[in-house]
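> Attaching a predicted model along with its sequence, questions to come.
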Amino acid sequence: MATVACSRMYNVGPKVRGLWDDLFAWLSEESGIRLEVIAHAAPAPLSELWARPDLGAAFMCGYPFSRLPADERPVALAAPVSTAPWAKGRPVYASHIVAARNAAFDLADLPALRWGWTVRDSQSGYHAPRAFLAGLPQPGRGVKTVGPLLNPNGVVDAIATGRIDVGAIDAYAWQLLEMHEPAALAPLRIIATTPATPVPLLVASRRQPAEGIAALRQALLRAHRGAQGRSILASLGLSQFVEPNVAAYDSLPKRAQEADARLAAAW
């Protein structure tokens, strides 16, 4: 039986999905583990993907990862390092707070606008913008929210149709769109970027054989050392995969609780 791989979290368009397929094909060859690429397309819950016993490689958001007991988490394989300036060569990401390009408001207006969110267990689409808003003066003044919008494309569409004034887009998803689907971003502008937090990581099921997990991990960690691997990584805006610092993800629930206290009933 094949082990499955999925790039659902960062399937921002058909071209990008094809590039992830190329990465997984390379990973299968390099590791010797037969990987079957599946779509698990929205609105299928990501939690179902992460719980699959045949999961060999899929991106998992750090917030739900941090909320699971250590002995119930999927196995962390590797963390990607973006080539974007906000990453500074580290396995982190952020969220861009975005609005329509022709919108006249700025930072001071944000607490009174309609905010869009993706899903409640998303660090980039829910918790990062909440923490950002909580750090502004009068964070709960008149704020309205719209969601779930499911993913970055949902935020883009909601801004374009006027359902929301502002929303958060995963900065790495923005990078992929900027590289391969720039027309999707043309109507938008970035108002601010949130502080960096640990990036979504590639995970595998705990029920996969240990030798298979080790083979997948080692192939990912050496991807940047060969010409083919470097080329695939570059097409995805990545410099390399690194060993994830699993303990770093444990700070995310505390950040969410601090935003809860600051925002009170706003979200």
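Okay, I see it.

> just checking, what's the longest helix in the protein?
helix 14-31 (DSSP state H).

> now for that helix, which elements pack on it?
In terms of contacts (3 or more C-beta pairs under 8 Å, 6 or more residues apart in numbering; DSSP states H and E), helix 14-31 is packed against strand 3-6, strand 35-37, helix 171-180, helix 210-221, helix 227-235. Where C-beta positions appear, they are placed from N, C-alpha and C, glycine not excepted.

> Please repeat the previous calculation with a cut-off of 7 Å.
Other helices and strands packing on helix 14-31, by 3 or more C-beta pairs under 7 Å, 6 or more residues apart in numbering; DSSP states H and E, are strand 35-37, helix 171-180, helix 210-221, helix 227-235.

> domain assignment for this structure?
Domain assignment for the chain by automatic domain parsing gives 3-83+200-248, 92-197+254-263.

> ok, of these, where does mean pLDDT dip lowest?
Ranked by mean pLDDT, the domains of the chain bottom out at domain 92-197+254-263, with a mean of 92.

> Now do that domain: distance from first to last residue.
Across its full length, domain 92-197+254-263 reaches 25 Å between end residues, using C-alpha to C-alpha, to the nearest Å.

> roughly how far is it from the heart of the chain?
Centroid displacement of domain 92-197+254-263 relative to its chain, using C-alpha atoms, centre = their mean, to the nearest Å, is 13 Å.

> And stretch 68-87, by the same measure?
With C-alpha atoms, centre = their mean, you get 10 Å for stretch 68-87.

> go on, stretch 11-27?
15 Å.

> May I see the buried residues of that stretch?
Asn11, Val12, Val16, Arg17, Leu19, Trp20, Leu23, Phe24, Trp26, Leu27 (16 or more other C-beta atoms under 10 Å).

> For this structure, give the strand that spans the most residues.
strand 75-82 (DSSP state E).

> quick one, that strand and helix 14-31 angle?
Angle, strand 75-82 to helix 14-31, by axes from the mean of the first three to the mean of the last three C-alpha atoms, to 10 degrees: 130 degrees.

> could you give the angle of strand 75-82 to helix 171-180?
Going by the same axes, to 10 degrees, strand 75-82 makes 50 degrees with helix 171-180.

> so what does strand 75-82 touch, helix or strand wise?
Partner elements for strand 75-82 (3+ C-beta pairs under 7 Å, 6+ apart): strand 201-204, helix 210-221, strand 238-242.

> Tell me which strands the last one pairs with, and in which orientation.
Same thing as strand 238-242. Partners of strand 238-242 in the sheet, by DSSP bridges, are strand 75-82 (antiparallel).
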